[in-house]
Every structure is written in C-alpha cells, then in structure tokens.
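>>> Test case, fold it:
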Amino acid sequence: MKTRLIDLADLRIGYQSRGRIESDPASLYRIIQLRDVKEAVDWDTVIPFKPDRKPDRHLVGDGDVLVSARGDGHFGAALSGVPANTVASSNFYILRINRKDVLPEYVGWYLNQPAAQEYLRSRSQGTYISLITKADIGELEVPIPPLAVQQQVVRVATLRRAEQDLLRQLESKRDALIQTACQFAIHRREA
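Below is the predicted model:
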C-alpha cells in the first residue's frame, strides 16, 4: 500500500531568517543547516544562533524527518538525539509523522531511495539551485509495509551506515600507515 507523504505527516517549512545566520554562543537556540546533514545530522557542526523572530513553530524533535528543499538532491534524514531549542533552517521541510504504523526512520530511509529521488528530481525547479515545492513533497507516494518490515529495513540501513563509517576509518588509517611507512623508508635511507 502506498500513501502520500501529506497523508502520513504534518509538513511545514523550516525557520526563515531575515538575515545571515551567525553563530551566537550565548543563545539557547541552535539551527540545523544543509551543511550539517548527510544521512544524519552531525550535531557537532550545528551552531547556536539568535533568532530574529519567534522560532517556536520551527522547533524539531526526535522522530521528525527533514527533507532538503534546496540544493543537489533532496535527501531525507530522520532526527534523533535532538538538543532542546533546535530549529531546522528554511532549506528544509519538516515532516512530523502522524501515524503510529509508520516509523520516521523508515520514511527518512525511503526518501533517499532511487524511486523517491527520481520523483523529487523530476519535480525540482530552478537552473542553478534546485528547489522543490511543499506541494510536490506532499504528493510523494511512500510504500508502507507492516511495522515489522519497516523495523527490519531501518535495522539493515543502520548497519550499512555503521559499516560504511568503519570502512572510511579503515581507509584513513591505512593511508596514514602507508604514508608513515614511506616517510620512514625515505628518512632511513638518508641516515
């Protein structure tokens, strides 16, 4: 069974600042920007900022799903471990799943799959910066398997991400080892 996003989630745009977003370490609020998200949010790069108007409508929490509204590819990311007083920038649509039989992590995963990406790409507008409308995001049809299947998909996707992280770490350590061995060989020859 497929269901449109608009029928399984409340959909709203992120916080739109009137000016440039600047870091303000004294502020209680934090803002998620495009650069902070790959497949998940890197909470270490999310900056504190001083809102220029009331941000309450744009606050995000665990279980919300972000969809990039602008840029290359319109990726999705389910949120977890969200610090208090965090908002998403206007570069995102915020999905708040309103059904008990749908996992936010599953929706976040599905948004990054080829079928969803092709739909989003086909609806994107703009020559330099790709933009997708709220209405087009809402019309995306998502297959909704039983909850047990969604849980399995999320579990496998999580393991895949962990494996990719480990492979990146391994490659980095291997590069460092090779570099060190080469430097050692050069300096040993000189001695």
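
>>> sec struct for the spatially most central residue of the chain, please.
Centroid-nearest residue in the chain, with Cα atoms, centre = their mean: residue 77, separated by 3.4 Å. When classified by DSSP: H, G, I helix; E, B strand; the rest coil, residue 77 comes out as strand.

>>> Tell me which residues touch it, please.
Residue 77 makes contacts with 37, 38, 39, 40, 41, 65, 66, 108, as judged by Cβ atoms under 8 Å, 6 or more residues apart in numbering. For every residue, glycine as well, the C-beta is placed using N, CA and C.

>>> chain center to the helix ranked longest in the chain, what's the gap?
Scanning the chain for the longest helix, with DSSP state H as the assignment, gives helix 147-190. Offset of helix 147-190 from its chain centre (Cα atoms, centre = their mean, to the nearest Å): 22 Å.

>>> That one packs against which elements?
With contacts taken as 3 or more Cβ pairs under 8 Å, 6 or more residues apart in numbering; DSSP states H and E, helix 147-190 sits against helix 104-111.

>>> which other helices and strands contact the helix it packs on?
So helix 104-111, by 3+ Cβ pairs under 8 Å, 6+ apart, packs with strand 64-68, strand 76-78, strand 92-97, helix 114-123, strand 141-143, helix 147-190.

>>> Taking the contacts of residue 77, tell me the two that lie furthest apart.
38 and 65 (14.8 Å; Cβ to Cβ).

>>> Between these two, which has more neighbouring residues?
residue 65 (27 against 10; other Cβ atoms under 10 Å).

>>> Tell me how many other residues crowd residue 109.
For residue 109, the neighbour count with other Cβ under 10 Å is 23.

>>> Among the contacts of residue 77, which has the minimum pLDDT value?
Least confident entry in the contacts of residue 77, by pLDDT: residue 39, with 73.

>>> Quick check: it vs residue 73, distance?
According to Cβ to Cβ, to the nearest Å, residue 39 and residue 73 sit 12 Å apart.

>>> higher neighbour count, these two?
residue 39 (15 against 11).

>>> Which secondary structure state does the more buried one sit in?
Taking three-state DSSP, the label given to residue 39 is coil.

>>> List the contacts of it.
By Cβ under 8 Å, 6+ apart, the contact set of residue 39 is 75, 77, 112, 161.

>>> next one: residue 22
49, 50 are the contacts of residue 22 under Cβ under 8 Å, 6+ apart.

>>> confidence score at it?
Model confidence at residue 22, given as pLDDT, is 86.

>>> Can you give me the separation between it and residue 14?
17 Å.

>>> now residue 169
Per Cβ to Cβ, residue 169 is found 32 Å from residue 14.

>>> how does this structure divide into domains?
Per the record, the chain has its domains at 2-144, 146-191, by automatic domain parsing.
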